[in-house]
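Peer 1: please work out how this folds:
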Amino acid sequence: MPTAWYDVTDQDLRTNSLPRDIRLMRMPVLSEEQLAVLKQIAWRLRGDDYVDSKESRDELVRLGLVERFGTFNFVSRAGVVVLDTLGLLKESGDVLD
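Peer 2: Numbering: from 1, shown residues only. You can find the predicted model right below:
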């Protein structure tokens, strides 16, 4: 079974790289606008009317970092991993500005 880009295997660790470094090399490259929208959605469940860029949101959905339910947007597991890998999550789970 193929693993997700954020899953670190024993074979990966044999490279003497830290899990965070491995994820940094594999994670999708985001524009400033996409990262801003990801942080915005991560802060709280967002309706479409409260997202700054629907185009960036759509790209984040395509990348699997954001999911949608009706008109609401929320961060997926992969999106949380991106925020954590970039050091944007506090221990409480809040997103740093």
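Peer 1: from the contact counts, what lies against the helix or strand Leu38 falls within?
Peer 2: Using DSSP states H and E, Leu38 sits within helix 32-43. Packing partners of helix 32-43 (3 or more Cβ pairs under 8 Å, 6 or more residues apart in numbering; DSSP states H and E): helix 54-63, strand 66-69, strand 72-75, helix 77-85. Glycine gets a C-beta too; all of them are placed from N, C-alpha and C.
Peer 1: tell me how far the last one lies from the chain's centre.
Peer 2: Centre-to-centre, helix 77-85 and its host chain are 4 Å apart (Cα atoms, centre = their mean, to the nearest Å).
Peer 1: same check on the longest one?
Peer 2: Relative to its parent chain, helix 54-63 has a centroid offset of 11 Å by Cα atoms, centre = their mean.
Peer 1: hmm, who's touching it?
Peer 2: 28, 30-31, 33-34, 36-38, 41, 48, 51, 66-68, 73, 78-79 (Cβ atoms under 8 Å, 6 or more residues apart in numbering).
Peer 1: at 6 Å instead, please
Peer 2: 28, 33-34, 37-38, 51, 66 (Cβ atoms under 6 Å, 6 or more residues apart in numbering).
Peer 1: only whichever of those residues are buried, select them in PyMOL.
Peer 2: With 16 or more other Cβ atoms under 10 Å as the criterion, this PyMOL line picks the buried residues out of these:
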select buried, resi 34+37+38+51+66
